[in-house]
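> just to be clear, the model below is a prediction. Sequence and coordinates:
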Amino acid sequence: MADEAHAAARCLFDLPERAPRAEGGRRCGLCVQDCVIGEGERGYCGLRHVREGRLRHLAGTPERGLLRWYRDPLPTNCVADPFCSARAACAGHTQPGLHNLAVFYAACTVDCLFCQNWHFREADPACSDTLSAGELANAANEHTYCVCYFGGDPAAQMAQALAASKQLARRGVVVCWETNGTAHPRLMDRALDLSLATSGCVKFDLKAYDDALHRALTGATNARTLENFARAGARFDERPESSLVVASTLLVPGYVDAEEVGRIARFIAGVNPAIPYVLLGFAPQFLFPDLPRTSVRHAEEAEAAARAAGLQTVRIGNRHLLSRDY
């Protein structure tokens, strides 16, 4: 049933129904989907295809990024903002007059049926305008304090994001990421290195701990996400003055309850109990339009479960979205 729902959702936007596994095809290997793409096929994210036996990139390279960007004045509503630095002078919310360069990548490595930013699927990589890493870096000016990559997800275009980040880091820009954590571990390590060096952070979206639930909600296993989070979290203490890693979970009514949050929180605490954990209210979106907004009771029970699991810092991130519906 879930597989059928994901296939139908992807057909709406002419995306492959599932990750290709073509015999004798070309392996991509850049994310958890590990596509093996046959002649004339596209990879799961829609950005890679095979023509004349060669793996080609429609976008996601240093030369071509499928994205849009905008200047988001600080302080902004960044999920990780309360933890971006323990040194108040370096925190984003203490930088009025400066801005975050918000980079919205128009591709993703999973297929969340509740996606809060689903409109990225409408971008056509074959005919949409793209930006090179240099052009994106040049969007920064003297008022740019930080950059944050989200989407969609930067995992689908990590080569582009990493190339831009190296240029931005040289200009003194703080580099942050909001990701589902599905990129190849080598790429995630490079992203973490850039955040470590610039006082930025990597915010992992841990959608579920139970793999079957994760597959039902996103169409993908969470094994790579948990692996990458554990690798990143093991480095949390390398920069004790600020939070290098932050976790968040969207509280989807009927799916991600306090019990599931407790499982996620025990996993996080097993990596490092000091890692901040943010619980986010759900608003009806995409293919879950008939669900209610997360209730206050749901959020507070989840918060209590996360604290009981041993986490030191737990926060409900967007209380303004919470309801009294259940």
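Looks like it arrived, so ask away.
> neighbours around A106, how many?
As a burial measure, A106 scores 25 neighbours (other C-beta atoms under 10 Å). All C-beta spots, glycine's among them, are computed from the backbone N, C-alpha and C.
> please read the previous query as pertaining to G254.
11.
> domain ranges for this structure, per the record?
2-57, 67-321 (automatic domain parsing).
> can you list the neighbours in contact with the host helix or strand of C148?
For C148, the element it lies in under DSSP states H and E is strand 144-151. Residues from elsewhere that reach strand 144-151, judged by C-beta atoms under 8 Å, 6 or more residues apart in numbering: 67, 71, 74, 78, 84, 92, 95, 98-108, 117, 120, 140, 161, 164-165, 168, 171, 173-179, 200.
> any quick ChimeraX command for the buried ones out of those?
This is the ChimeraX syntax for the buried subset of the contacts of strand 144-151, where burial follows 16 or more other C-beta atoms under 10 Å:
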select :67,74,78,84,92,95,98,99,100,101,102,103,104,105,106,107,108,117,120,140,161,164,165,168,173,174,175,176,177,178,179,200
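> restricted to helices, list the contacts of strand 144-151.
A161, A164, S165, L168 (DSSP state H).
> TSV for the domains of the chain, including mean pLDDT?
Shown next, in TSV, are the domains of the chain (pLDDT from 0 to 100):
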stretch	mean pLDDT
domain 2-57	96
domain 67-321	94
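> which one of the ones you listed is the most hemmed in?
domain 67-321 (a mean of 20; mean count of other C-beta atoms under 10 Å).
> distance from it to the middle of the chain?
Once both centres are worked out by C-alpha atoms, centre = their mean, to the nearest Å, domain 67-321 turns out to sit 5 Å from its chain's centre.
> look up the closest residue to C11, ignoring the ones flanking it.
Nearest non-adjacent residue to C11, counting by C-beta to C-beta, 6 or more residues apart in numbering: E17, 6.5 Å away.
> wait, what's in contact with D124?
Contacts of D124 by C-beta under 8 Å, 6+ apart: none found.
> cool, and A299?
Counting by C-beta under 8 Å, 6+ apart, A299 has contacts L251, L279, G281, I316, R319, L322.
> roughly how far does the nearest residue to V271 once chain neighbours are set aside sit from V261?
Excluding the flanking residues, the one nearest V271 by C-beta to C-beta, 6+ apart is G233, at 3.6 Å. Here G233 is placed at a distance of 17 Å from V261 (C-beta to C-beta, to the nearest Å).
> rewinding a little: got phi/psi on the residue nearest to V271?
phi -60, psi -30 (degrees, to the nearest 10).
> chain neighbours aside, what residue packs nearest to the residue of the chain positioned farthest from its centre?
Relative to the mean C-alpha coordinate of the chain, counting by C-alpha atoms, centre = their mean, the farthest residue is E52 (32.8 Å). Excluding its sequence neighbours, the residue lying closest to E52 (C-beta to C-beta, 6+ apart) is E39, at 7.8 Å.
> how about the helices in the stretch 201-326 of the chain?
Assigned by DSSP state H, counting those that start in this stretch, the stretch 201-326 of the chain shows helices spanning 211-218, 223-233, 258-271, 296-308.
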